[in-house]
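Asks: okay, structure incoming, though there's no sequence with it:
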Ligand SMILES: NC(=O)c1ccc[n+]([C@@H]2O[C@H](COP(=O)([O-])OP(=O)(O)OC[C@H]3O[C@@H](n4cnc5c(N)ncnc54)[C@H](O)[C@@H]3O)[C@@H](O)[C@H]2O)c1
């Protein structure tokens, strides 16, 4: 029977690339997001059902997961992809505008989804949790103290969780994308984007499918011996 995968923030950018690739690989895929028009368009483009779930809101995750598991099936593969940026130099950051929302969407969200979905995985003795971090969580970035903190936090959470659920057949791994062309990076000025591409040894910007490929590898049955790992998918830009 086809395995069920949930991709958070899955209606555009990297998440959409992951959802479409998993669908192509034969998974039953569901996505969640917070923008109704994006959810509807993605469903009509791909046939993949989308659910409006704010992953920063614990109760919304409880209710949404219940609905997905009833309509699509018990979740075998969880891809925590939803993320936001609220960049500013640290001295200009405020809790309300820059810190709290980024911590909630990028880090607390992983607590919420794992806390709700993991018990079913451990009971069924099979699961794959794949958390999308960032190269900037590995190295830091000017203007991203908030974002980098969440992305580094995701790595710590994943390593600890991997230890706790390894015996139950659930693996937990992290993917750290480098520069990937999505709406998030497309909003950057062209000259900055071009300058960034010059720093990438493979001399191109990444595509969502570059990340999706790594997800497919980690989600496979054969990947049961890979857990607690952080896989960099960045064209060689950072070799941690
Ligand atoms: N694009 C890059 O170069 C890059 C690099 C490193 C890491 N990442 C990470 O990859 C992930 C995807 O990035 P992207 O570039 O595709 O971003 P994106 O902004 O294009 O897509 C993110 C999606 O998440 C959804 N989302 C936002 N808040 C949400 C919430 N509270 N609940 C549910 N969904 C929510 C958005 O509506 C959007 O559809 C993020 O975690 C990002 O930090 C991206």
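Replies: Looks like it arrived, so ask away. All values reported here derive from a predicted model rather than from experimental measurement.

Asks: next, the buried residues of the lowest-mean-pLDDT helix or strand in the chain.
Replies: Least confident helix or strand of the chain, by mean pLDDT, DSSP states H and E, is helix 183-186 with a mean of 83. Residues residue 185 are the ones in helix 183-186 that count as buried (16 or more other Cβ atoms under 10 Å). (Each C-beta comes from the backbone N, C-alpha and C, glycine too.)

Asks: and if you look at stretch 60-79?
Replies: Of the residues in stretch 60-79, 60-61, 64-65, 68-69, 72, 74-79 count as buried by neighbour count, 16+ other Cβ under 10 Å.

Asks: if you count contacts, what does the lengthiest helix in the chain end up packed against?
Replies: If you go by DSSP state H, the chain has its longest helix at helix 145-165. The helices and strands touching helix 145-165, judged by 3 or more Cβ pairs under 8 Å, 6 or more residues apart in numbering; DSSP states H and E, are helix 100-103, helix 109-124, strand 127-132, helix 135-139, strand 170-177.

Asks: what's the angle from the last one to helix 109-124?
Replies: Read it as strand 170-177. Computed by axes from the mean of the first three to the mean of the last three Cα atoms, to 10 degrees, the angle separating strand 170-177 from helix 109-124 equals 150 degrees.

Asks: list the neighbouring strands of strand 170-177 plus their orientation.
Replies: strand 127-132 (parallel), strand 230-233 (parallel) (DSSP bridges).

Asks: pLDDT on that strand, on average?
Replies: Regarding strand 170-177, the rounded mean pLDDT is 99.
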